[in-house]
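Enquirer: Sequence plus the predicted model coming up.
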Amino acid sequence: MQASLVIRRVLIWTLAVVAVVIILILALAAALDAGFGRRPILMYLSARIGRQIQVDGAIDAHLISRNPRVTAEGVTIGNPSWMPPGVTAKIGKLSLVMLLPRIGHHFGVVSIDAQGTALYLARDAKGHANWQLTDLNKGSGDAKRLIIRHLSVPDAHVLLADERRHLQFDGIVSAGDAAGEGAGSAAPAPFLIHGSGQLNGKAVSFDLNGDPLAAASHERPYQFSYSERSSGSRLDGKGFLQRPFNFNIIDTTFEATGADLKDLYYLTGVHLIDTGSYRLSGTATRRGNASGFNDLKVTSGQSDVRGTVSIDASDIPAKLAITLNSNLLHLADLGPKAAGRAPVSGTAAPLLLSDAKLSHDMVRRGEATVSFSAQQVDVGRMPLQHLKAKATIHDGVLSVSSLQADLYEGKLSARLKLDAKPEVPAAVAELSIVDMQIGLVNRKDARAPPFEGALKLRINITGKGSSVHEVAASANGSVTAMLPHGAMRESFAEMTGIDLRGLGLLLTKNKKETEVRCAAAKFTARDGILTADELVVDTEGVLITGDGQVHLDSEALDLSLSGHPKSLRLFQLHAPVLLRGTLAHPGVDLGPHHSKLAIIAPAQAKDADCAALLAET
């Protein structure tokens, strides 16, 4: 939508500038007929409009007519005073037919034909553009725009550098009445613009179909439809201008489809995230410096997001207010893997932590307030329900001041700060979970869970990166999990000591539970590696201790658990139980090394000091 509308706008406004120039050339022609010097007059006219005007070829004027006509060859129009020195347009041959003012009619332009045209269009981040008629800082007023009744610009070479909309275009654009219609038919011909070339580094083509220029009126809206195609994405829509050709008041509807939402950047200049196949629809409005995107709805895979976005461009940078909500957001539908752009690896295990990356430019350049809510957000196999979050983007920093959700009947709360000003963003994350029922955690089978109880979890880390996985893979800080009271499958507790009783319970698939008096796991995070400082599970009959690491880059588990019976055991094999696999797919194995069989093993442990174990530091 932005590409065709921006190019249409700049084309119309540039041609309005051209019309002013040609009108002045009319005065030049009359002055030349009167014997005045050509160069002094061009210098005078350039000073009047604040643009350098150069006419290298002939000027042909027919002034004694109801519709005066003027033709100029080799016309060069320079940049206005509010832009850096340069050229706005070069036109091989310009022809202009005007309508003189008379009773009931204002001065108008009947026809503009521009052959051999090259447009060098530029707009800076503050909104100053070389196609504007007046200085933006002085206001443009709300006067009725000049209506051009016929426009023909075949195969114009257009170079557009729009810092405000983040658009770079290099291509060929043609504008004019539909071929074969208008002159010899009862109905006026529609106005068409077609363009193709490179937009933001990718091949693009676009079409715009507008009401006939011959029938345009300030008394009724000017309607149009558009279509753009680039990088597997297609954007279609329709809308109207309240007045032709006042682009300060626009109303449109649109629908976009494609293989990856991120590819819309090549059509709109807006940085989004990777997804799988998507569909996006909504409405867009503009009222001067205020724009709004309403009734937004995007679906991809199992996920859906709806909401509104409002933009206030009266200041630099523009301020955004974003409100989004979702029934289901499945994080596996986001990121390079969902888009089929993740590095190919036949051996890599699926990740639990999302690798969907946040756009650096969006954070660095933006000023926004964001409100998001969702009935459910799936993070791997963990469903966050009734999620609500509020965030701001200011001075290159994304701050999530509040994030709350339900997780397995517990409460999750988090705060996050991401500083995108460095080349690699720096993150600070604080997360806590209370009363999460670990027995409800998804499992591969429907058997009784190995653990039950209300878990308490606290994470305080710093890291670097643009995704959850990247931040975790570089994390420094601490992770603490505690279970004040609960239960676990007795066979698993006994297996950590590998004795005859434990083997019997395991082989008979005994589901009997044993009380967990308390449990705690305290890790130190350094460069993305979690190292266990303390790993204790105190059950009624066995004290379980452990050590090891979790590598957050690969999400690989390397933990070892050893059981210490609190009473006499027969045939005990001293070998640890190993937790292997990944966070997404953990597995249990028996330690093959350093094992020793004891026929009679006396009690090895006592009850743990739960008060000290559960004390928060």
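Expert: That came in fine, so what should we check first?
Enquirer: use CA for all of it now, contacts and neighbours both
Expert: OK.
Enquirer: what about the residue sitting nearest the centre point of the chain, helix or strand, and which?
Expert: Against the mean C-alpha coordinate of the chain, by CA atoms, centre = their mean, the closest residue is residue 272 at 2.0 Å. Residue 272 belongs to no helix or strand when assigned by DSSP states H and E.
Enquirer: Phi and psi next, for it.
Expert: Backbone torsions of residue 272, given as degrees, to the nearest 10, read phi -120, psi -170.
Enquirer: Let me see the contact set for it.
Expert: Residues near residue 272 by CA atoms under 8 Å, 6 or more residues apart in numbering: 261, 262, 264, 265, 358, 359.
Enquirer: now do residue 177
Expert: Residues counted as contacts of residue 177 (CA under 8 Å, 6+ apart) are 150, 151, 152, 189, 190, 191, 192, 212.
Enquirer: hang on, the earlier thing: among the contacts of residue 272, which one has the most neighbours?
Expert: Counting neighbours by other CA atoms under 10 Å, residue 261 leads the contacts of residue 272 with 26 neighbours.
Enquirer: State the phi and psi torsions of that residue.
Expert: Per-residue torsions, residue 261: phi -60, psi -30 (degrees, to the nearest 10).
Enquirer: I'd guessed it sits against residue 268; true?
Expert: No - the pair residue 261 / residue 268 is not scored as a contact, 11.3 Å apart, by CA atoms under 8 Å.
Enquirer: what's stretch 317-327 in contact with?
Expert: With CA under 8 Å, 6+ apart as the criterion, stretch 317-327 contacts 126, 303-313, 365-376.
Enquirer: next one: stretch 55-62
Expert: Contacts to stretch 55-62, defined as CA under 8 Å, 6+ apart, come from residues 26, 29, 68, 69, 70, 71, 72, 73, 74, 75, 76.
Enquirer: could I get those residues as CSV with neighbour count and pLDDT?
Expert: Converted to CSV, the contacts of stretch 55-62 look like this (neighbours: other CA atoms under 10 Å; pLDDT from 0 to 100):
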residue, neighbour count, pLDDT
26, 23, 56
29, 23, 56
68, 17, 77
69, 22, 80
70, 20, 77
71, 21, 84
72, 23, 83
73, 20, 90
74, 17, 93
75, 22, 89
76, 20, 91
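Enquirer: number of nearby residues for the closest residue to residue 213 other than its chain neighbours?
Expert: Counting by CA to CA, 6 or more residues apart in numbering, residue 149 is the residue found nearest to residue 213 once chain neighbours are left out, at 4.9 Å. Around residue 149 there are 19 other residues, counting by other CA under 10 Å.
Enquirer: isn't there a strand covering residue 309?
Expert: Yes - looking at residue 309 with DSSP: H, G, I helix; E, B strand; the rest coil, it is inside a strand.
Enquirer: With just CA atoms, put the host helix or strand of residue 267 into PDB.
Expert: Following DSSP H and E, the helix or strand that holds residue 267 is helix 265-268. Provided in PDB are the C-alpha atoms of helix 265-268 (Å, rounded to 0.1, in the frame of the first residue of the first chain):
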ATOM      1  CA  TYR A 265       9.100  -4.800   4.500                       C
ATOM      2  CA  TYR A 266       9.800  -4.900   0.800                       C
ATOM      3  CA  LEU A 267       6.400  -3.400   0.100                       C
ATOM      4  CA  THR A 268       5.800  -1.100   3.100                       C
END
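Enquirer: Does the nearest residue to residue 413 once chain neighbours are set aside belong to a helix, a strand or coil?
Expert: Closest residue to residue 413 apart from its sequence neighbours, by CA to CA, 6+ apart: residue 404 at 4.5 Å. Assigned with three-state DSSP, residue 404 falls in the strand class.
Enquirer: who's residue 404 bridged to?
Expert: residue 388, residue 413 (DSSP bridges).
Enquirer: Same check on residue 434?
Expert: residue 411.
Enquirer: Might you report the residue contacts of it?
Expert: Residues in contact with residue 434 (CA under 8 Å, 6+ apart) are 410, 411, 412, 454, 455, 456, 457.
Enquirer: The first one: neighbouring residues, count only.
Expert: Residue crowding around residue 410 was assessed by other CA under 10 Å; the count is 17.
Enquirer: repeat for the last one
Expert: Residues lying near residue 457 (other CA under 10 Å) number 20.
Enquirer: Also the fourth one?
Expert: Using other CA under 10 Å, the number of residues around residue 454 comes to 21.
Enquirer: Break down the stretch 401-550 of the chain into its strands, ranges please.
Expert: Ranges of strands within the stretch 401-550 of the chain are 410-419, 426-437, 451-464, 476-483, 486-489, 513-526, 529-539, 542-551, based on DSSP state E, counting those that start in this stretch.
Enquirer: Parallel or antiparallel, list what pairs with the very next helix or strand once past the helix holding residue 267.
Expert: Using DSSP H and E, the helix or strand that follows helix 265-268 towards the C-terminus is strand 278-287. With DSSP bridges as the test, strand 278-287 is paired with strand 249-258 (antiparallel), strand 290-300 (antiparallel).
Enquirer: Quick one: residues contacting the nearest residue to residue 244 once chain neighbours are set aside.
Expert: Setting aside the residues directly before and after it, residue 244 is nearest to residue 222 in space (CA to CA, 6+ apart), at 5.7 Å. By CA under 8 Å, 6+ apart, the contact set of residue 222 is 210, 211, 216, 240, 241, 242, 243, 244, 245.
Enquirer: Any of the contacts of stretch 317-327 buried? List them.
Expert: 303-313, 365-376 (16 or more other CA atoms under 10 Å).
Enquirer: Relative to the whole chain's centre, how far out is stretch 416-425?
Expert: Computed by CA atoms, centre = their mean, to the nearest Å, the separation of stretch 416-425 from the middle of its chain amounts to 16 Å.
Enquirer: buried ones in it?
Expert: Going by 16+ other CA under 10 Å, stretch 416-425 has these buried residues: 416, 417, 418, 419, 420, 421, 425.
Enquirer: gap between the two ends of it?
Expert: Its start and end residues considered, stretch 416-425 measures 13 Å (CA to CA, to the nearest Å).
Enquirer: How about residues contacting it?
Expert: 360, 363-364, 396-401, 426-430, 464-466.
Enquirer: and if we set it to 6 Å?
Expert: Stretch 416-425 is touched from outside by 360, 396, 397, 398, 399, 400, 426, 427, 428, 429, 464, 465, with contacts defined as CA atoms under 6 Å, 6 or more residues apart in numbering.
Enquirer: Closest to residue 96 out of those?
Expert: Closest to residue 96 out of the contacts of stretch 416-425 is residue 360 (47.4 Å), distances taken as CA to CA.
Enquirer: quick one, phi psi at the closest one?
Expert: The phi and psi values for residue 360, taken as degrees, to the nearest 10, are phi -60, psi -50.
Enquirer: Quick check: the farthest pair among the contacts of stretch 416-425?
Expert: Across these, no pair lies farther apart than 360 and 429, at 17.8 Å, counting by CA to CA.
Enquirer: Is residue 314 in contact with residue 288, as I believe?
Expert: No - Residue 314 is not in contact with residue 288 according to CA atoms under 6 Å; the separation is 8.7 Å.
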